[in-house]
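Chemist: A structural model of the following input is requested.
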Amino acid sequence: MHYFRVTAAIAVAIAAATLLPGRVLRAAPARRPAIPAAVAGPLRSAFILSFRSPDLVTNAPDERWGRKDDRLRPGLILTDLVPWLAWKMRDVEAARAAGRPILLALNVHSGFGTGLVTYTSDLHRAQAVNYPWLVRQLLKVGLNAPDVTVTIDTCNAQATAAHQLRPDLIPEGIAAFSPFRKWRAQYAERRQLPIGQAYRLYSIDRVREQLASRWRRNRANVQAIPFQPLTKEEWSKIAFHLYGQRGVIVGTPAMFNLLRLGCGGLRGTDTADLLHAPLETLVLGDSSLGRNMREFRQYRNFPFLTQAGARPAKKAPPKAIAAKPKPKPKPAALPEPDPQPTATAPAGDPEPVPPVPVPDPDSHP
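Modeler: All right, here's what the predicted structure looks like:
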């Protein structure tokens, strides 16, 4: 009985609430869509390019841009990067003429800290280069300017760049890179090779470990170059900016941190200036992935990437065409005189005309 009384009381209360004046039952407010993250001021007009390892390209929302205008290019780094950059320099120069900064994002592999590595989508072949090589190509192709920012999204970009670019951090350079040192110590023939050539062979052996099982057996399936450190003269010419992540990554956290925060707002993130800032010198493991994932997911303004391509040149206003002067009226032609009547001889034989005497030039009056 008590149960029925409680149920009846609840029903009466609901009915009374619906009959009260001014009380209208409304639907729950719709959830507001997420607002895309703002882009840092200096990069709001940026012209953005991205070169990626073919096996990393997906149809995820953060990669659905730059396909139609060839700004997001999958390719092998040793053979495809420089020709593609040369091809896009016309758009780059047009953006510079409009005062727009240039952002070049590289999303490639590190080959366990070897350098900059790309794999074919089927993992049958790979190409490996190093940071000094990348710097030289940027100098040659015309991207060595303060308006150019390059982001390196690979695992442990900072540790790799520290060994290959920063003698102020690691004076011994690649000779101090622990995996390379162990690999070289295994055989006397490896120790006898010049260090640059030895690093090329090390790169091949290290990178082919990630190929498909049948193709990793043959060193010919990996192309690599010798290591040649930058000279002081080459260092002095560098004018572009270079940024990269620490630890293990997925996606493009360095690129997205730059877009969200700008070059001056990176403190406290895992992105750092690879040419001048203190860097992480150790190759970190998977425990660093979570932090990089959080940074990567904070940027959601993907429509901006679509709009950051070449912009059509503004058409100059049509020039005013001067009105052609009206032709001056021709003066009225004078009336032609009436023809003179011809003299007609009277009927009959004509009278002889006496000859006109011709004066003698030698005679005088």
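Chemist: am I right that residue 117 is in contact with residue 53?
Modeler: Yes - with contacts counted by C-beta atoms under 8 Å, residue 117 reaches residue 53, the gap being 7.3 Å. For the C-beta atoms, the positions are set from N, CA and C on the backbone; glycine is no exception.
Chemist: these two: which is more packed in?
Modeler: A direct count of neighbours by other C-beta atoms under 10 Å for residue 117 and residue 53 places residue 117 higher, at 26 against 23.
Chemist: who is that one paired with across the strands?
Modeler: Taking DSSP bridges as the rule, residue 117 bridges to residue 109, residue 128.
Chemist: okay, it: pLDDT?
Modeler: You'll see residue 117 listed with a pLDDT of 98.
Chemist: if I pick it, what's in contact with it?
Modeler: Applying C-beta atoms under 8 Å, 6 or more residues apart in numbering, we find residue 117 in contact with 53, 77, 108-111, 126-129, 154, 207.
Chemist: list only buried entries from the residues you listed.
Modeler: Buried residues within the contacts of residue 117, counting neighbours by 16 or more other C-beta atoms under 10 Å: 53, 77, 108-111, 126-129, 154, 207.
Chemist: which of the residues you listed sits closest to residue 163?
Modeler: residue 110 (11.4 Å; C-beta to C-beta).
Chemist: test my guess that the closest one contacts residue 153.
Modeler: No - under the criterion of C-beta under 8 Å, residue 110 is not in contact with residue 153, lying 9.9 Å apart.
Chemist: centroid-nearest residue for the chain?
Modeler: Nearest to the mean C-alpha position of the chain, counting by C-alpha atoms, centre = their mean, stands residue 49 at 1.7 Å.
Chemist: which residues touch it?
Modeler: When contacts are counted by C-beta under 8 Å, 6+ apart, residue 49 touches 66, 71-73, 85, 88, 92, 102-105.
Chemist: quick check: the gap between it and residue 118.
Modeler: Computed with C-beta to C-beta, to the nearest Å, the distance linking residue 49 and residue 118 is 16 Å.
Chemist: over to residue 303?
Modeler: 28 Å.
Chemist: between those two, who's got more neighbours?
Modeler: residue 118 (30 against 10).
Chemist: list the contacts for that one?
Modeler: Contacts of residue 118 by C-beta under 8 Å, 6+ apart are 53-55, 75-77, 108-109, 126-127.
Chemist: in PDB, list the C-alpha atoms belonging to the longest helix anywhere in the chain.
Modeler: Longest helix in the chain by number of residues (criterion: DSSP state H): helix 77-97. C-alpha atoms of helix 77-97 as PDB (Å, rounded to 0.1, in the frame of the first residue of the first chain):
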ATOM      1  CA  ILE A  77      63.900  11.100 -49.200                       C
ATOM      2  CA  LEU A  78      67.200  10.600 -51.200                       C
ATOM      3  CA  THR A  79      65.700  10.600 -54.600                       C
ATOM      4  CA  ASP A  80      62.300  12.500 -54.300                       C
ATOM      5  CA  LEU A  81      62.700  15.300 -51.700                       C
ATOM      6  CA  VAL A  82      65.000  17.700 -53.600                       C
ATOM      7  CA  PRO A  83      63.200  17.400 -57.000                       C
ATOM      8  CA  TRP A  84      59.800  18.000 -55.300                       C
ATOM      9  CA  LEU A  85      61.200  21.100 -53.400                       C
ATOM     10  CA  ALA A  86      62.600  22.500 -56.700                       C
ATOM     11  CA  TRP A  87      59.200  21.900 -58.300                       C
ATOM     12  CA  LYS A  88      57.400  23.800 -55.500                       C
ATOM     13  CA  MET A  89      59.800  26.800 -55.400                       C
ATOM     14  CA  ARG A  90      57.500  28.800 -57.700                       C
ATOM     15  CA  ASP A  91      54.800  28.600 -55.100                       C
ATOM     16  CA  VAL A  92      57.300  29.300 -52.300                       C
ATOM     17  CA  GLU A  93      58.500  32.500 -54.100                       C
ATOM     18  CA  ALA A  94      55.000  33.600 -54.700                       C
ATOM     19  CA  ALA A  95      54.300  33.200 -50.900                       C
ATOM     20  CA  ARG A  96      57.400  35.100 -50.000                       C
ATOM     21  CA  ALA A  97      56.400  37.900 -52.300                       C
END
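Chemist: elements contacting it?
Modeler: Here helix 77-97 touches strand 47-52, strand 102-107, strand 116-119, strand 126-129, helix 131-141, going by 3 or more C-beta pairs under 8 Å, 6 or more residues apart in numbering; DSSP states H and E.
Chemist: just send those back as JSON lines, with distance to residue 162 too.
Modeler: Output for these, formatted as JSON lines (distance: least, C-beta to C-beta, whole Å):
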{"stretch": "strand 47-52", "distance to residue 162": "22"}
{"stretch": "strand 102-107", "distance to residue 162": "17"}
{"stretch": "strand 116-119", "distance to residue 162": "14"}
{"stretch": "strand 126-129", "distance to residue 162": "17"}
{"stretch": "helix 131-141", "distance to residue 162": "10"}
